[in-house]
Each structure stands twice: as C-alpha cells, then as structure tokens.
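1. Quick check, what structure comes out for this input:
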Amino acid sequence: MKILKFKNKSLNIFLEYSYRYKWYMVAVIILSTIASAMSALPAWLSKYLIDDVLVRRRKNEFYLILIAVFVSTIIKVVAAYYSNIASNYVTETIKREIKIDIFSHLQKLPIEYFRKNKLGDILSKLTNDTSNLGRMGFIIFEMFKEFLTVLALTIRLFQVDYILALISLVLMPFILKIVKKYTKKIRKSGRERQDTAGRVTAFTQETLSGVFVIKAFNNIDFVTKKYEDFSEEEFKNSYKTTKIKAKVSPINEIITTFMVLLVVLYGGYKILYEKSISSGDLISFVTALGLMHQPLKRLINKNNDLQDALPSADRVVEIFDEEIEKEYFGEKVEFKESIKTIDFKNVFYRYRDSDGYVLKDVNLEVKAGEIIAFVGKSGSGKTTLVNLLARFFNVDEGSISVNHVDIKNIPLTEYREKFAVVPQETFLFSGTIRENIRFGRNVSEDEVISALKMANAYDFIMEFPDKLDTQVGERGALLSGGQKQRIAIARALIKNPEIMILDEATSALDSESEMLVQEALDELMKNRTTFVIAHRLSTIIRADKIVVMENGEIKEIGKHSELLELNGIYKNLYDIQYNESLVAK
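-> Residues are numbered from 1 along each chain as shown. Here you go, the predicted structure:
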C-alpha cells in the first residue's frame, strides 16, 4: 500500500508514523463517515417533513421522522465518541514515539551538533515542538471529519437544485483564496514564534545553570531585563499570529452570510414565480447550507491550527535531517583483539565553524600500557587530539589507527567500549551514588565497593547516612569537586577500559583533594594505556611520553628529564609553574 505524499515533509513524517496504526485509522475513517452522515441527515429529512408530512398532515410519519432524528443523533454521538478515542490514541501514541525517536536520534548525533546548537533550543524542540508534531494528528483527524460532513451536505445541495448549489458555492473560491493567503502568513508567523520560544528556553536554561555567576557579579537586573526583551519578542510574535488567525473567521462569516442571502433570494424566486421547486426543497437546501456553516468554519479554523503547528513540526524534522555519527567508514573491520599500538599519522583537523586547522600534521606512536601526557597553552589542540582518538570527531586528513587498523573502519559502538573518560568538569546524573557508578557497567555490589576503595571514595561515602543510596543532586551539586571526581574515577574503573582519557582531572581541586584524586588516578592508570591532558606538570613527571603542543602542532616529545634538557617550551612551562609554586609557599 503506497503512502500518500504531501509537499510538506512534516506531514509526510506524521503519515509514516500513522501508517503503523493503519487499522485504527481505517476505524477512524469509518466512524467519522458515519458521524458525518448522521450530521447531514437532517438536510434530507427536512424536505419530507415539510412536503410529505406537514403539508399532507401525515401524523404517523411525523413521529417516525422525530424518532429518526433522535436515533441519528445517538448514532452520531456514539460514532463521534469512538472516533475521538481512536484518533486520540493514535495521536498520543505517535507523539510518544516521535519523542522517543527524536531523543534517540539526538543521542546519536556527533558532538559537533551540540557545539553549534544551544541546549535550551534543543530542549524546546524535544518537548514543545514534538508535542505539536503529534498534535497535528488530532487536527488532521478533526479536519477529515469536518470535510466529510461538508462533502455530504454539498451532495445534498446538488440533489435539490444544481443551479441553486452553484450559486451557493460561487463564493467558495474566494473563501479558499482567503484561507490560502492567510495560511502562508500563519505558517511564517508561527515559525517566527517557535524560533523565539526556542531562544527563550535556551536563555532560561543558560541563566538558571549560571545563577551562581549572576549572583556573584550582582547582575540580576541585567539578565532579568534581557529575559523581558526575549519575552516581549515572544509575545509580539504570538500576538501577531493570533491577529492573523482572528481575521480569517469574520471575513468568511460575511462571505457565508452573503452566500445564504443569495440562495434564499434565488430559491424564493423559484418558489414564488417559477414554482419549479417546493418549499420543502428550499428548506432542505437552506438546512443543508446552515448545517454546512459550522463544519466549514471549524474546517478553516482547524486548517489555521494545522498551519500554526507545522512550523513546530518543521523544527523537529530539522533534527531528523541531521546526520548521525557513522558507525564506520569504508570497509567494516570487526575488532575483538586488545589494543597494542596506537598511531597518529599526518593528522589534520578543523572545526566546522572554523576557517583554520586546530591540528596540523600530528604524528605520534603509542604502545599499550604507556602513559602519554599532553601539555601546552589553552587552544593548542590537546583536547581536540584525544577527542579524535575517541572518535568524538573524525580526522579531516591523515589517520589514527590501532594495531594498524584505521579507527574509522571499526564499528563505533564496539570501539568506544575500549574507552573511559574522566573529564575536568565531572558530570554526575541526578540519582544515587550507586546508580552513577553503575552507569559505566551494571556490576555486583562487591565490585562497586572494590572500585570505590581503589578510587579513594569508599570512606567518605560510608560517612553519609544513606551511604551508596545518597542522592548526588543535579549534575552532582550536593557533592564537593573532589568527591565528584573520585566517584567519576570509580565509574571509569567499573568499565575496566583498555584506554583511559584524563582531561585535566585534578586542575580544579584543592591540594588535599588533588592528592586523594591523584592516588586514585594512579590506581586507574595501572596496566592501561592512558592519555593525560595536564595542567599541573607535577602530575605527569612519571609519564612515558610528554607531548608538548603549540598552535595545533607537536613541538616536543620525550620524558620529563629529556624535555628539561632540551631547554625548550616544556622547560619554560615547568620553570613558570615551579616559580609560582615557590611564591605560593
């Protein structure tokens, strides 16, 4: 069965989801058809009521018509009830599935996407905009039901008198033209409103996350004023959409009233002068026209709602259009062996929003079990290089290989199982300490405790009243920096990776916390290939290779003692930190 295609991509996506529930949709169509037919039935019955019953005084048939009206109303409300239930079920189910699929798609997008887009705007798309995409279903079902009613009543108009029907519908093109004109305006205005709403959400999320900085700089008035400006823009866009939508109904009301007057005028002429139709015909015609008014009005209003929802839906589709991380490039290589060598060969990389390369012609050989430390000024390319190794980004030129296999050819999910990362800014999820540690891998309680002891975290956790069930708060806000870092190390130990990446893991800690965390890191680095991004050079003196970077290039490589003898960049960095240490003492 071929799915109907629309020009709008959002509608097509909704139809693809709807097709999964085609039998529910068939039921909705059948029930809507019954409800619409029952809604239009009075237009047929009114002719017989006037011409055959009232004029000829047929009492029995009079009661039959009343019963028919009552029964048709019962059938209509029952059919409409189950139609609404079925359409709501499909709509809510589709909304849920779209949200899940969008969330899943976001998880698979490259880091580059999150560098370019504000988190608040992404959240707005995931919550508000996906709801509107799902809401389109209910609107479409409602429009379909109203359309069937209008269609049934239009058929009745032509049955009575086709000239009269043409007169009554002669203004329909004008109505459709007005609808089309305002449809474009509503959609454009709706997109502006949703984009503004996304910016408001992004700003709100950003300021609430940075509330400490706002208070520290005593800048509450500034951010409040900025929020007022954003809200004012959102209000203006929303009000603009409301005004556009409000214009459609009165215009159509005037045109429709004029149309009814034309019908009555011509119909009255045919009864009074030509006597070619009966009073029952005219009543039936006017009844059909009157019954058509509300469904037609609702159809137009629902179309306005649909056009208003489409911009939100389009914002969701934009996420679907983003290309997810590729599992592998070229020929797939199953990689089950342990990593023995890692080679960076002529590696070049630049960020997509940058003109120049942040890494240039990087060459480096690493053997299993080595500790490789990267040092250099901020922006020298240290973090970018280890991100390339973990395939958070992919090299533009050159290659990174493990055991002489290009990492681009290894399935990504399989490859990343070999890594664990302890970042500078530790991220813990809301929940308990136990849940955060088991995030690396679902293990037994004994393994959790063992990892905590190795990470120097066991003692302080046992001092908490709830111990492992202690809540860490949002992003670990209820713990100190050193405590969070040791839990992150335990999480990494649980994963038992072959390769560890430590991104300035002690730079933000006090001396006592640094000592405890460094001891835990020493335990973590045992028998593993470790890449350390170092700020404090005292932490990497025992590294097998220290790589000195500057402006995206490797300038020096060697052990601590060898680099001091070179009397180059590393020696200069070491002297600066050594002198700072003496001054501090």
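2. got the buried residues for stretch 439-458?
-> For stretch 439-458, the neighbour count (16 or more other Cβ atoms under 10 Å) marks 440, 447-452, 454-458 as buried. In short, each C-beta sits where N, CA and C put it, glycine included.
3. Now, those residues that are in strands?
-> Among the buried residues of stretch 439-458, DSSP state E puts none in strands.
4. Show me which of the residues you listed is closest to residue 501.
-> Using Cβ to Cβ, the shortest approach to residue 501 within the buried residues of stretch 439-458 belongs to residue 440, at 13.7 Å.
5. what's the pLDDT at the residue nearest the centre of the chain?
-> In the chain, the residue lying closest to the centroid (Cα atoms, centre = their mean) is residue 126, at 3.0 Å. On pLDDT, residue 126 comes in at 78.
6. Leaving aside the residues adjacent along the chain, what's closest to residue 374?
-> Of all residues not flanking residue 374 in the chain, residue 382 sits nearest, at 4.1 Å (Cβ to Cβ, 6 or more residues apart in numbering).
7. per-residue pLDDT, that neighbour?
-> Listed pLDDT for residue 382 reads 88.
8. Repeat that for the one 3 residues further on.
-> Reading off the per-residue confidence, residue 385 sits at a pLDDT of 92.
9. Show me what whichever strand or helix holds it is packed against.
-> If you go by DSSP states H and E, residue 385 is part of helix 382-389. Contacts defined by 3 or more Cβ pairs under 8 Å, 6 or more residues apart in numbering; DSSP states H and E place helix 382-389 against strand 341-349, strand 359-367, strand 371-375, strand 499-503, strand 529-533.
10. hmm, try it at 6 Å
-> Using 3 or more Cβ pairs under 6 Å, 6 or more residues apart in numbering; DSSP states H and E as the contact test, no helix or strand touches helix 382-389.
11. residue ranges for the strands of this structure, please.
-> 341-349, 359-367, 371-375, 397-402, 405-406, 419-422, 499-503, 529-533, 545-550, 553-558.
12. distance between the shortest one and the chain's centre?
-> Strand 405-406 sits 34 Å away from the centroid of its parent chain (Cα atoms, centre = their mean, to the nearest Å).
13. Tell me which residues are up against that strand.
-> Strand 405-406 is contacted by residues 333, 399 when judged by Cβ atoms under 6 Å, 6 or more residues apart in numbering.
14. okay, the angle between the helix holding residue 385 and strand 545-550?
-> Here helix 382-389 runs at an angle of 120 degrees relative to strand 545-550 (axes from the mean of the first three to the mean of the last three Cα atoms, to 10 degrees).
15. related to what we said a few turns ago, would you agree the residue nearest to residue 374 is in contact with residue 533?
-> Yes. Residue 382 is within contact range of residue 533, at 4.9 Å (criterion: Cβ atoms under 6 Å).
16. Can you pick out the residue with more neighbours from the two?
-> Higher neighbour count among residue 382 and residue 533: residue 382, with 26 against 23, using other Cβ atoms under 10 Å.
17. Which residues are in contact with the more buried one?
-> The contact partners of residue 382, taken as Cβ under 6 Å, 6+ apart, are 374, 376, 533, 549.
18. pLDDT at the last one, what is it?
-> Same thing as residue 549. With respect to pLDDT, residue 549 has a value of 91.
19. now it: how far from residue 348?
-> Distance, residue 549 to residue 348, using Cβ to Cβ, to the nearest Å: 14 Å.
20. Comparing these two, which shows the higher neighbour count?
-> Higher neighbour count among residue 549 and residue 348: residue 549, with 24 against 15, using other Cβ under 10 Å.
21. Quick check: that one touching residue 375?
-> No. Judged on Cβ under 6 Å, residue 549 makes no contact with residue 375 at a distance of 7.2 Å.
22. low-confidence ranges in the stretch 251-400 of the chain?
-> Low-confidence segments of the stretch 251-400 of the chain (pLDDT under 70): 251-260, 267, 271-277, 279.
23. domain assignment for the protein?
-> Structural domains annotated on the chain: 9-321, 341-584, as defined by automatic domain parsing.
24. circling back to that earlier point, in JSON lines: the strands of the chain, plus distance to residue 119.
-> JSON lines is the format used below for the strands of the chain (distance: least, Cβ to Cβ, whole Å):
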{"stretch": "strand 341-349", "distance to residue 119": "24"}
{"stretch": "strand 359-367", "distance to residue 119": "26"}
{"stretch": "strand 371-375", "distance to residue 119": "28"}
{"stretch": "strand 397-402", "distance to residue 119": "29"}
{"stretch": "strand 405-406", "distance to residue 119": "33"}
{"stretch": "strand 419-422", "distance to residue 119": "20"}
{"stretch": "strand 499-503", "distance to residue 119": "20"}
{"stretch": "strand 529-533", "distance to residue 119": "24"}
{"stretch": "strand 545-550", "distance to residue 119": "29"}
{"stretch": "strand 553-558", "distance to residue 119": "32"}
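25. out of the contacts of residue 382, who's nearest residue 223?
-> Using Cβ to Cβ, residue 533 comes nearest to residue 223 of the contacts of residue 382, at 32.6 Å.
26. How about the residue nearest to the centre of the chain: what's its closest non-neighbour residue?
-> residue 102 (5.7 Å).
27. And residue 199, by the same measure?
-> Per Cβ to Cβ, 6+ apart, closest to residue 199 is residue 230, 6.1 Å.
28. ok, the one you found touching residue 200?
-> Yes. Using Cβ under 6 Å, residue 230 is in contact with residue 200, at 4.8 Å.
29. what's the spacing between the closest residue to residue 546 other than its chain neighbours and residue 504?
-> Counting by Cβ to Cβ, 6+ apart, residue 373 is the residue found nearest to residue 546 once chain neighbours are left out, at 4.8 Å. For residue 373, the distance to residue 504 (Cβ to Cβ) stands at 11 Å.
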